[in-house]
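> no sequence on this one, just coordinates:
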């Protein structure tokens, strides 16, 4: 039997751990990138007066942010990231949180949409 395909072989376990680390890091980077894109889209929607769409898109961005927060805060997962990866992801998370906070400020100062027009 090929020892590389045997999950109990130390070399196979080492490769699986490395793959897991890389995949988790890639997942968190993608989740942050998606959340930034959604947050910027919500900002654009808000500026163009699409307040309902902006709120929905902002909620999606917040869900992504929450996912990254949970992974980075949980030792079960963050132990698989090296210190540089933790710093990089943590720094991007802080930027995303600041953007979301700013967008919440825009939401609270937005004028109320006009009531629907009544038909005569």
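Perfect, I can see it now. Source: prediction; values computed, not measured. Numbering: from 1, shown residues only.

> after the longest helix anywhere in the chain, next one along is what?
When the chain is parsed with DSSP state H, its longest helix is helix 10-47. Heading C-terminal from helix 10-47, the first helix or strand you meet, by DSSP states H and E, is helix 51-73.

> Which other helices and strands does that next one contact?
If you count contacts as 3 or more CB pairs under 8 Å, 6 or more residues apart in numbering; DSSP states H and E, helix 51-73 packs onto helix 10-47, helix 75-78, helix 83-109. Heads up, the C-betas are built off the backbone N, CA and C, glycines and all.

> buried set for the longest helix of the chain?
By neighbour count on 16 or more other CB atoms under 10 Å, the buried set for helix 10-47 is 24-25, 28, 31-32, 35-36, 38-39, 41-43, 45-46.

> What of stretch 79-93?
Here stretch 79-93 shows 80, 81, 85, 88, 89, 92, 93 as buried, counting by 16+ other CB under 10 Å.

> measure the second one to residue 62 for me?
With distances defined as CB to CB, to the nearest Å, the gap from residue 81 to residue 62 amounts to 22 Å.

> just the last one next, same as before
Counting by CB to CB, the gap between residue 93 and residue 62 amounts to 12 Å.

> now swap in residue 96 and tell me
Here the criterion is CB to CB. By it, residue 96 lies 10 Å from residue 62.

> Ok, residue 37 next?
Residue 37 is 13 Å from residue 62, by CB to CB.

> Equivalent analysis for residue 90, please.
18 Å.

> for the chain, what are the low-confidence residue spans?
By pLDDT under 70, the low-scoring segments of the chain are 1-5, 108-120.

> what do you get if the cut-off is 90, keeping everything else the same?
Low-confidence segments of the chain (pLDDT under 90): 1-13, 16-17, 105-120.

> Spit out the contact partners of residue 96.
Applying CB atoms under 8 Å, 6 or more residues apart in numbering, one finds that residue 96 lies in contact with 32, 35, 36, 39, 61, 65, 68.

> swap the cut-off to 10 Å and go again
31-33, 35-36, 38-39, 61-62, 64-65, 68-69 (CB atoms under 10 Å, 6 or more residues apart in numbering).
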